[in-house]
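**Q** sequence and predicted structure are below.
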Amino acid sequence: MPNDTEVSMTDLSSDTILQRAPSLSVDLGPPTIVRVGSRKVASVPNALAILEEFAQPTAFSQAVKNLSGKTTGAQAWIDLVSSIASLYKAGALIDESGSAAAPTRPVGYAVPHPHVEMLDDKVRTRAFLGAIADVVRPGDVVVDIGTGTGILALAAAKAGAKHVYAIEGSEIGRAAKDLFAANGFADRVTLVPGWSSQIDLPERANVLVSEMIGNDPLEERIMEIFADAHARFLTPDARIIPRRLQAFGVPVEVDQKTLARFMFTPQRARDWSESYGFDFDKLIDTSVNESMMITILPHEIRSWPLLSDPVLLADLDLGGTTHDVVDKAAEFSITREGLMGGFVLYFHLDVAAGWEISTAPAKADEANHWSVPVRLFGRPRSVSAGEKFKVTYTYGVRSQGPKIEVSSS
């Protein structure tokens, strides 16, 4: 096998330190699908072994050496190196700066579906358009990170911006560029292909607009992206859209149909036993059935009873010049008797004065495109008013995405 682990297909060198990206999840399939936030990464050979190898910061050459023992033959070695490079290019692996390589074809946002959902979410889109109309002033220079179809860049130009730099890493940017021209703004809106952390701008902007908000509001790395933009793109007095993000959590009773859909339940075990003639009860006690994260649209869980008052888990000033590490432990008290089957995370977004968005189940519009993360408990617990529990919410550039854990206080 080759000894030199330099690969010309990427910016990787043998001493590049890589680690699994935040907001990473894996669908075991088959095939194995890796997701970074809401983006789906094309399946690659050895994905699980590679992601396990990079659970901690590891040099590219050392990882190849460690993993080579699991391969046989030159072609398998080439596939291994290619897979690491592909995961790095796709953002599933990040380097020491917390950045990924500039991807050539990010899968998730290169197709119409997510943009259809976002444009159909009129509460979300109108809030951003209204904020831009109020905040952007004639003569401003605006940077729009993750422009997508370009609607926010168009709104900034319409509001009087002297120039708008619309950054987009996926092929949807080509469509955005066509929209800029079709709407008469080709001279004032420039499409900048690539990821914001990997490109430079010819001048400083005094307005930043971006909707890099995931289902878990931190999973698309908005804090790192905004901190990088502050350092390299913006004037000291730049205005920010959105300007504040709050994450909340609340324990809930979970609809039994939802539990049965995602987890092994006694009723389902009995049904399978009757259908197939085998005993399935052991599935209920397996460790994989103890707790898991799902996402579900807010309006679909509006009827789930809340078992405590909401808990504030993060309160982030997006206008800050550095990104915070979130490590919040909070206590909540049960306010009504019930069967605690899960813990819901949702957010409030202060886009600009007078313009807010919420994914709280009681408030979110049915056209809202964001889902809310729910930590399901495999064994729902009977709780009484006054019982206390602790929830922790953590996120940092070295973490494996945002994490929510609930335990007895």
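**A** Cool, the structure landed.

**Q** ranges for the helices of the stretch 201-350 of the chain?
**A** Along the stretch 201-350 of the chain, counting by DSSP state H, counting those that start in this stretch, helices occupy 222-232, 256-262, 266-276, 282-285.

**Q** how far off centre is the last one?
**A** Read that as helix 282-285. 31 Å (C-alpha atoms, centre = their mean, to the nearest Å).

**Q** what is that helix packed up against?
**A** If you count contacts as 3 or more C-beta pairs under 8 Å, 6 or more residues apart in numbering; DSSP states H and E, helix 282-285 packs onto helix 266-276. All C-beta atoms are positioned from the backbone trio N, CA, C, and that covers glycine.

**Q** helices and strands around the helix it packs on, which ones?
**A** Counting by 3+ C-beta pairs under 8 Å, 6+ apart, the packing neighbours recorded for helix 266-276 are helix 282-285.

**Q** using PDB, list the CA coordinates for the helix it packs on.
**A** C-alpha atoms of helix 282-285 as PDB (Å, rounded to 0.1, in the frame of the first residue of the first chain):
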ATOM      1  CA  LYS A 282     -36.500  -8.700  24.600                       C
ATOM      2  CA  LEU A 283     -36.500  -5.900  22.100                       C
ATOM      3  CA  ILE A 284     -38.200  -3.700  24.700                       C
ATOM      4  CA  ASP A 285     -35.300  -4.100  27.100                       C
END
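
**Q** could you chop the chain up by domain?
**A** Domain segmentation of the chain under automatic domain parsing yields 17-95, 112-211, 245-408.

**Q** helices and strands of the chain: which one has the lowest mean pLDDT?
**A** Here the helix or strand of the chain ranked lowest by mean pLDDT, DSSP states H and E is strand 39-41, holding a mean of 65.

**Q** mind checking how far the top helix by length along the chain is from the chain centre?
**A** With secondary structure taken from DSSP state H, the chain has its longest helix at helix 74-89. Chain-centre distance of helix 74-89: 25 Å, with C-alpha atoms, centre = their mean.

**Q** and it, which residues are buried?
**A** By neighbour count on 16 or more other C-beta atoms under 10 Å, the buried set for helix 74-89 is 77, 80-89.

**Q** ok, so of the residues you listed, who is nearest E300?
**A** L87 (32.6 Å; C-beta to C-beta).

**Q** on the pLDDT front, check that closest one for me.
**A** For L87, the model assigns a pLDDT of 85.

**Q** what's near enough to touch it?
**A** Each residue near L87 by C-beta atoms under 8 Å, 6 or more residues apart in numbering is listed here: 34, 41, 44, 47, 50-51, 93.

**Q** lowest-confidence entry in those residues?
**A** The weakest per-residue confidence within the contacts of L87 falls on V41 (67).

**Q** report how many residues lie close to K390.
**A** Counted by other C-beta atoms under 10 Å, the residues lying close to K390 total 14.

**Q** so it bridges to which residues?
**A** On the basis of DSSP bridges, K390 is bridged to E331, S407.

**Q** state the distance from it to I151.
**A** 41 Å (C-beta to C-beta, to the nearest Å).

**Q** got it, and W272?
**A** Taken as C-beta to C-beta, the span from W272 to I151 is 48 Å.

**Q** also D200?
**A** The gap separating D200 from I151 is 25 Å, by C-beta to C-beta.

**Q** looking at the two, which one has more neighbours?
**A** Neighbour count, other C-beta under 10 Å: between D200 and I151, I151 has more, with 21 against 9.
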